[in-house]
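1. Below is the sequence, then the predicted model.
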Amino acid sequence: MELKYSPTSPYVRKVLVVANELGITDRLLLTNTDPRAGIASLSLLNPLSKIPTLITDSGGVMFDSSVICEYLNAEYGEYRLLPEDGQRRWEILTRSVLAQGILDAAILVRLEEMRPDSEQSPQWISIQLGKAAAALDFFNTALRRAPLNPDISQITLGCALGWLQFRHPHRPWFANRETLQRWYLEFSERPSMRVTAPEA
């Protein structure tokens, strides 16, 4: 399989962590791809020109990290990271969406802060930070009862928190969230997280 990727993308990292947890990294051919470069070959595969984009062994094309992770889990992981059915599946998917929402909001903040100061909207930044904070508070409570068994929601959360530390290190994401901080420090020591950590 070929994975169109960028080494600092948190969405790509999520796929790579899943592949590491499933022990299938040797099946992935990584092709470093900058979607901002307007590469025609990427847009032919994915009309949105986004990464990650996966080309399967049979020539099929998949995009969006959540879809790719589900595919790898089903085809190569025997549903180890996300059950095939049942209530637990829906709980994990819901928490995965929430964890990805933290990431989505933080990326919007970063994009806004990259604009000239005179064009930035403090209100927009505040709204997005508020969304991220509410989701972080949820996980700070929920993780008190969660075993440290990786599933797709925990992998998504770990990658989101890693990106916050990578791109927004000046913000106090773990202030008054000691449970979340302890969980992240332990989870980030997993081999799958260490080997996929982004580098500046």
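-> Right, received. Where do you want to start?

2. any weak-confidence spans in this structure?
-> Low-confidence segments of the chain, defined by pLDDT under 70, span residues 38, 146-148, 200.

3. Show me the contact partners of the helix or strand where residue 13 lies.
-> Take DSSP states H and E as the rule and residue 13 turns out to sit in helix 10-22. The set of residues external to helix 10-22 that reach it, using Cβ atoms under 8 Å, 6 or more residues apart in numbering, is 3, 5-6, 25, 27-28, 51-52, 54, 65, 68-69, 72-73, 76-77, 80-81, 103, 150, 152, 155-156, 158-160, 162-163, 190-193, 195-196, 198. All C-beta atoms are positioned from the backbone trio N, CA, C, and that covers glycine.

4. From those, keep the buried residues only.
-> Burial by neighbour count, judged by 16 or more other Cβ atoms under 10 Å, picks out 3, 5-6, 28, 51-52, 54, 65, 68-69, 72-73, 77, 81, 103, 150, 152, 155-156, 158-160, 162-163, 190, 192-193, 196, 198 from those.

5. Those residues in helices, which ones?
-> Within the buried ones among the contacts of helix 10-22, membership in helices is found for 65, 68-69, 72-73, 103, 152, 155-156, 158-160, 162-163, 192-193, as judged by DSSP state H.

6. roughly how far apart are residue 14 and residue 125?
-> 24 Å (Cβ to Cβ, to the nearest Å).

7. neighbour-wise, which of these two wins?
-> Between residue 14 and residue 125, counting by other Cβ atoms under 10 Å, residue 14 is the more crowded of the two (29 against 16).

8. and residue 120, what does it touch?
-> Contact criterion Cβ under 8 Å, 6+ apart gives 112, 113 as the residues in contact with residue 120.

9. that older thread, alpha carbons only: can I get the helix holding residue 13 in CSV?
-> This file holds the C-alpha atoms of helix 10-22, laid out as CSV (Å, rounded to 0.1, in the frame of the first residue of the first chain):
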residue,chain,number,x,y,z
PRO,A,10,-1.4,15.0,12.9
TYR,A,11,-3.9,13.2,10.6
VAL,A,12,-1.1,11.3,9.0
ARG,A,13,0.4,10.5,12.4
LYS,A,14,-2.9,8.9,13.5
VAL,A,15,-2.7,6.5,10.5
LEU,A,16,0.9,5.7,11.2
VAL,A,17,0.2,5.1,14.9
VAL,A,18,-2.6,2.7,13.9
ALA,A,19,-0.2,0.9,11.5
ASN,A,20,2.4,0.6,14.2
GLU,A,21,0.0,-0.7,16.7
LEU,A,22,-1.2,-3.3,14.2
